[in-house]
Each structure stands twice: as C-alpha cells, then as structure tokens.
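> Structure, please.
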Amino acid sequence: MENSVKIQTVASEIRGTGMCVPERVVSNEHFAAYLETSDEWIRERTGIEQRRWCEKGTSASALAEPACREAISAAGLTVNDIDGIVLGTVTPDNIFPSTACYLQARLGITNGFAFDVNAVCSGFIYALTTADALIRSGQGTNVLVVGVDLYSGIIDPNDRGTCVLFGDGAGAVVLSRKQGESLVDGAFGDHLAQGDVRSISGIYGSELKADGRFADLLCVPMGTANPPTPDSLKRGDHFLQMQGREVFKFAVRSLADVTKSVLDRAGVSVEEVDLFISHQANKRILLSMAKHLGIPEEKVPINVDRYGNTSAATIPIVLAECEREGRIKKGDLLLLSAVGGGFSWGAVLVRW
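Below is the predicted model:
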C-alpha cells in the first residue's frame, strides 16, 4: 500500500466507566481560615472552588472499589469476567504488596494479574496503554484500569502553593478485547467519512514519554535515597514539593506536543477530535493547552473546579462524568492526555 500503510487490529475498547469521590467537601474557605490566601486568590490562579478529602484511615483500594464495581456493571460484566487489574497510584495502601492486589481481594477476584503503575498524574494514561498492550499480546480479555490517589495525606497543610490544589478520588474503566475488526494504521483520518472506520470503537494509538532530569520539580523526596529521620520529618520532607511555575510551563508544552504527535501518527487533525480529556491539574493549564492547539474551550471538559487535582484519577473521573451527562456519544473521537511528576506524560487516542 502507499506510504507503507499497514493493517493493524484494534485490540481493545472501553466498555464501562466508574468513579468515586469522598463525601467530605473542602472549600477554599477552609484554607482562608488559617492561611494567607482567599477564595478569590485560589479561584483566579487555579480555577478550583472545592475538593474532596477522605477521612483519615481510608485506603486507596477502599476508595477505588466502588468506582471499579460501577465500571464493571456499566460494562455489563461481573467480577468473575475480570482477568486483570492495572492500577495507577502514588498513594498505595502499603509499600507492598500492590494496591491492585488489595483491590483484587476487595472485589473477590482470584484469577488474573494485578499490579500498580507509578507515573504520578500520568498514571492512568500509562496504565491504559499498558493494559491495551497486555490485551494485544493475549494476556487478558477484560482488564480493570484504575486511577486512584489520596493526596490529602501527602500535602503540607501549611504550604499554600500546594495544599489548595489537590483532592482525593478514584476512577476506573473496563478495557475489553475486541474481535475481528481492523483499521488502516497511518491513514485513519483519510477514512473518517467512511462508515467502516467511524463505527469501530477502540484504542487507535498512544504515546508515553518521560524525562527524569526534571524529577525534583515535582516530588515527595523521601524513600531509600532519603530515609526518614526526626529532622527530615520536622522539615516536612515527607510532603509533596512542587516548583509551580516550572511545572506549569512544562505541562502546557508537553501536553500540546504529545497531542500533536499522537494525532499526526494516526492521520487525524485537531478539528476531527470531539473531546480533549486532559489531566485536571489547573484550569489555566487546560485553557492554555487549548489555546496552544487552537481547540475550542467547549471541547475541553473541566471538573477541576469541583474536585481539585486528583492525580491519576482525574481522567477516568472526567470520562465517567461525561458519559453520565451524555457529553460522550457512540462514535466520538477522544484524545486523553496527562502530565505528571517524573516528568512523565502521554496521550491516548480513543474511538468511543
């Protein structure tokens, strides 16, 4: 075929979505009561009006369980149909075993694989791409892909630059194997008008990136390289640390670049994408990315105002809400993207 176009099987599709956020609502006034900040200051710089925090003692697997059950039910399946869990988190139940294993036990699943992915706010994108690859290689049929984080436990409550940004949440999708459908890889955009391609749902492409040179710009600097000591705990080294201005600039640039790259490889233009579902870190980042790409704001769903930055959970939460609200329709083309500590970033192109 011309331009070395090859036939590639669509390996997997998203069959169900689910989400769970804690009941406790933490408004901006909570911080204004004891920090030199205000509701107006927080809204203007972040777009955040409130976030949800778990009660102390809540585990990541406990928060993720309802989201997973909702996704399984939405997919028309039972827990007995699930043969794998890939879970993105940086706030695990314990150092080991994986939170995915604890979640597997909570759900009553006794077969298949279960493991965690640590890519911070990019965790769901990394997990989704990994699950697609495992399905493509024959390792699974129905895989739970989960993003869950409880940042309320790792933020410094006295650091106004970070404590106002983060919330707790969980989101999940069921990614299932497809049978007997294919597309023309590299010429997808040329065939959008033809029913044979527009009717095919599934993951059409993805790209994962990382650059460890920027690790110190967003991190929790405690672990085997920096064991906890009384002095380090007093300094707050066990809390999240972020250089906000540098993270902002990198996020806008990397999200735009990886979006263009995935679309170019698929032969799809920005205009052909129905929704750009991006990591909900900051409203200004989302709008700056949209402006950089020439995307109408109405194509960029935003819920950071209600939940804050829930890290690996943001994208599956947006997916679940958009599906509930009817914003996602059968046949829609979605571009999922995220950037997080590491730095790590990536994007996935999905036909609903």
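
> C-alpha from now on. contacts and neighbour counts both.
Noted.

> Quick one: the strands in the stretch 251-352 of the chain, in order.
275-278, 333-340, 344-351 (DSSP state E, counting those that start in this stretch).

> could the ones you listed go into JSON lines alongside mean pLDDT?
Converted to JSON lines, those look like this (pLDDT from 0 to 100):
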{"stretch": "strand 275-278", "mean pLDDT": "98"}
{"stretch": "strand 333-340", "mean pLDDT": "98"}
{"stretch": "strand 344-351", "mean pLDDT": "98"}
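
> Including distance to Ala11, could those go into CSV?
Putting the strands of the stretch 251-352 of the chain into CSV (distance: least, C-alpha to C-alpha, whole Å) gives the following:
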stretch, distance to Ala11
strand 275-278, 21
strand 333-340, 16
strand 344-351, 12
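
> Among those, single out whichever gets nearest to Val247.
Closest to Val247 of the strands of the stretch 251-352 of the chain is strand 333-340 (C-alpha to C-alpha; 8.8 Å).

> how about the strands of the stretch 251-352 of the chain in a markdown table, adding distance to Trp53 and mean neighbour count?
As requested, those are arranged in a markdown table below (distance: least, C-alpha to C-alpha, whole Å; neighbours: other C-alpha atoms under 10 Å):
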| stretch | distance to Trp53 | mean neighbour count |
| --- | --- | --- |
| strand 275-278 | 22 | 23 |
| strand 333-340 | 20 | 25 |
| strand 344-351 | 25 | 25 |
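
> Mind checking those strands for the one nearest to Leu208?
Closest among the strands of the stretch 251-352 of the chain, using C-alpha to C-alpha: strand 344-351, at 4.3 Å.

> can you list contacts of the closest one?
Residues outside strand 344-351 that contact it (C-alpha atoms under 8 Å, 6 or more residues apart in numbering) are 119-120, 122, 125-126, 129, 200-211, 254-255, 258-259, 262-263, 331-339.

> So which of those residues sit within helices?
Using DSSP state H, the members of those that fall in helices are Ile125, Tyr126, Thr129, Ser254, Leu255, Val258, Thr259, Val262, Leu263.

> ok, so what distance separates the fourth one from Lys329?
Note on Ser254: its distance to Lys329, by C-alpha to C-alpha, to the nearest Å, is 28 Å.

> and the two? which has more neighbours close in?
Ranked by neighbour count (other C-alpha atoms under 10 Å), Ser254 and Lys329 place Ser254 first, with 20 against 12.

> show me the contacts for that one.
Here Ser254 is in contact with Val339, Trp345 (criterion: C-alpha under 8 Å, 6+ apart).

> What does the pLDDT read for it?
Reported pLDDT at Ser254 in the predicted model: 98.

> just Ala266 next, same as before
At Ala266, the predicted lDDT confidence score is 91.

> switch to numbering from 254
Sure, I'll start counting at 254 from here, so that last one is Ala519.

> tell me the contacts of the closest residue to Pro319 other than its chain neighbours?
Among residues not flanking Pro319 along the chain, Cys273 sits closest, at 6.3 Å (C-alpha to C-alpha, 6 or more residues apart in numbering). Contacts for Cys273 (C-alpha under 8 Å, 6+ apart) come out as Leu316, Ala317, Pro319, Ala320, Gly422, Ala423, Gly424, Ile570.

> Tell me how many other residues crowd Gln392.
Number of residues near Gln392 (other C-alpha under 10 Å) recorded here: 16.

> do you know how far Arg359 is from Ser590?
Taking C-alpha to C-alpha, one finds Arg359 at 29 Å from Ser590.

> typo on my end, Glu266
Taken as C-alpha to C-alpha, the span from Glu266 to Ser590 is 17 Å.

> and if you look at Glu578?
Separation of Glu578 from Ser590 (C-alpha to C-alpha): 21 Å.

> ok, now Leu493?
22 Å.

> Equivalent analysis for Leu528, please.
Using C-alpha to C-alpha, we find Leu528 at a distance of 11 Å from Ser590.

> can you check Pro345 too?
Distance, Pro345 to Ser590, by C-alpha to C-alpha: 23 Å.

> what's the answer for Val557, then?
Relative to Ser590, Val557 is positioned 15 Å away (C-alpha to C-alpha).

> Show me the helices in the stretch 354-503 of the chain, by range?
Assignment of helices within the stretch 354-503 of the chain using DSSP state H, counting those that start in this stretch yields the ranges 376-389, 448-451, 483-488, 497-519.
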